[in-house]
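Participant: Return a 3D structure for these sequence lines:
(chains A and B)
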Amino acid sequence: MTWRRGPLLVGAFAAAIAVAAVLLWRQLAIDSTRPAGGTADGAALLALTLPDAAGKQEALGQWKGKVLIVNFWATWCEPCKEEMPRFIKLQDEYGARGLQFVGVAIDQADKVRAFAKDIGLNYPTLVGGYGAIELSKTLGNNVGALPFTVVLDRSGGVVHTQLGPLKDQQLLSIIKQLV
Amino acid sequence: MRPCVVAATALLALGAGVARADDPKLLPNERAFAFSARGVDERTVEARFVIADGYYLYRDKLRFSAEPGTMAPPTLPPGKVKEDQFFGKVETYRNQIVVRLPLETAAPGKSITVHAESQGCADLGVCYPPQVQNVTLTLPQAGGRPGMPVEAAPQKKSWLQ
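Facilitator: Predicted coordinates for the structure are as follows:
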């Protein structure tokens, strides 16, 4: 009995593995960072000037030449706030090697100030409105949701965009490739 | 063959089990939280949000207003209590929420615009900005039949500039 079923089962498993491999490959392909010196989209982001939570105008262009991670977030966005302690830790760890996180809060300045103080934010966060959401849409944030994160290499090219929280390992491997 | 089964299962789990927020299936704000309203009688509007599967609205972010006219604060149904790491206990709605909105003065047969502001998130780990959706409807005459529901036309305007 088994000799008849054997090949069928082997075939089924082979098919399952093939499907799994394709799925995994697609997953990795989506996640993988694009080559350095990426798209021109980074220019629109680097041309942005927004007030910080204290009202002081800051140009994103001032961080060109660093590995720049721009994180669109808000105090009304729970998954955003959950991942920020990790950003703080990575800023601490890799800041000296040229990594710079910059937040763009789709929010009200007073709420941003209070939250930044609460969690001990160690990187600048600017305050944008719907205009900032619209800009994020041009970078691949199709539905205009948060968190949305853009990673720029030292030449200002977009190497990775992420809608939704970044996974620890994924973020770490992106950073290690770029710093 | 057993290790093969284990390997295949593990691979399948790995490949298929990773839900991603940048999945193209994420709905736009106004479709994840579809607002409609109808006139129930000459001084009452029934507001409704149909919330897509895997999405939820925050109870304390709901705001309603009428133009022209003034609305008494509506009684919102209790939501599901969720523990928020930063806000403490928050209440959320899933599937559908229906709210009766009482107008301060009756306006039989009159056209009014109802503004509904809402803010919600998807289980995939993203949240949508607050949005205001508008419905213009005609209130029934006193003793008349309730109106048909009217779907919202989206508009980007809220406390956020």
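Participant: Residue in chain A with the shortest distance to chain B?
Facilitator: A:G164 (2.1 Å; CB to the nearest CB). From N, CA and C alone the C-beta is placed, and that goes for glycine too.
Participant: what pLDDT does that residue get?
Facilitator: pLDDT recorded at A:G164 is 95.
Participant: Phi and psi next, for it.
Facilitator: Main-chain torsions, A:G164, degrees, to the nearest 10: phi 100, psi 170.
Participant: That one: neighbour count?
Facilitator: Per other CB atoms under 10 Å in any protein chain shown, the neighbour tally for A:G164 reads 24.
Participant: same thing with A:K167?
Facilitator: So A:K167, with other CB under 10 Å, has 15 neighbours.
Participant: What of the one 4 residues further on?
Facilitator: Close neighbours of A:L171, defined as other CB under 10 Å, add up to 20.
Participant: Is it correct that A:K137 falls within a strand?
Facilitator: No: A:K137 is assigned helix when assessed by DSSP: H, G, I helix; E, B strand; the rest coil, not a strand.
Participant: so how far is A:L163 from the closest residue to it other than its chain neighbours?
Facilitator: Leaving aside its chain neighbours, A:K137 sits nearest to A:G144 (5.6 Å; criterion: CB to CB, 6 or more residues apart in numbering or on different chains). Relative to A:L163, A:G144 is positioned 9 Å away (CB to CB, to the nearest Å).
Participant: which residues touch stretch A:88-99?
Facilitator: Residues outside stretch A:88-99 that contact it (CB atoms under 8 Å, 6 or more residues apart in numbering or on different chains): A:65-67, A:69, A:100-101, A:119-123, A:154, A:171-172, A:175, A:178-179.
Participant: For chain B, tell me which of those show up nearby.
Facilitator: Contacts with chain B are made by none of these, judged by CB under 8 Å from any CB of the partner chain.
Participant: Mind checking which of the residues you listed are buried?
Facilitator: Buried subset of the contacts of stretch A:88-99 (neighbour count, 16 or more other CB atoms under 10 Å in any protein chain shown): A:66-67, A:69, A:100-101, A:121, A:123, A:171, A:175, A:178-179.
Participant: For B:G54, grab the count of nearby residues.
Facilitator: Burial of B:G54 is recorded as 15 neighbouring residues (other CB under 10 Å).
Participant: From what I see, it and B:L124 are in contact.
Facilitator: Yes: at 7.0 Å, B:G54 counts as touching B:L124 under the criterion of CB atoms under 8 Å.
Participant: so B:P68 touches B:I112, yeah?
Facilitator: Yes: the pair B:P68 / B:I112 is scored as a contact, 6.7 Å apart, by CB under 8 Å.
Participant: Between these two, tell me which one has more neighbours.
Facilitator: B:I112 (19 against 11).
Participant: Which element, helix or strand, includes the more buried one?
Facilitator: Assessed by DSSP states H and E, B:I112 sits inside strand B:111-118.
Participant: touching chain A at all, the helix or strand following that strand?
Facilitator: Moving toward the C-terminus from strand B:111-118, the next helix or strand (DSSP H and E) is strand B:120-122. Yes: counting by CB under 8 Å from any CB, chain A is contacted by strand B:120-122 at B:121-122.
Participant: Show me what strand B:120-122 is packed against.
Facilitator: strand B:55-58 (3 or more CB pairs under 8 Å, 6 or more residues apart in numbering or on different chains; DSSP states H and E).
Participant: Tell me the strands beside the strand it packs on, with direction?
Facilitator: strand B:88-93 (antiparallel), strand B:120-122 (antiparallel) (DSSP bridges).
Participant: So which residues make contact with the last one?
Facilitator: With contact meaning CB under 8 Å, 6+ apart, strand B:120-122 is reached by A:77-79, A:145, B:21, B:26-27, B:32-33, B:51, B:54-58, B:61, B:92, B:127-128.
Participant: All good on my end, thank you.
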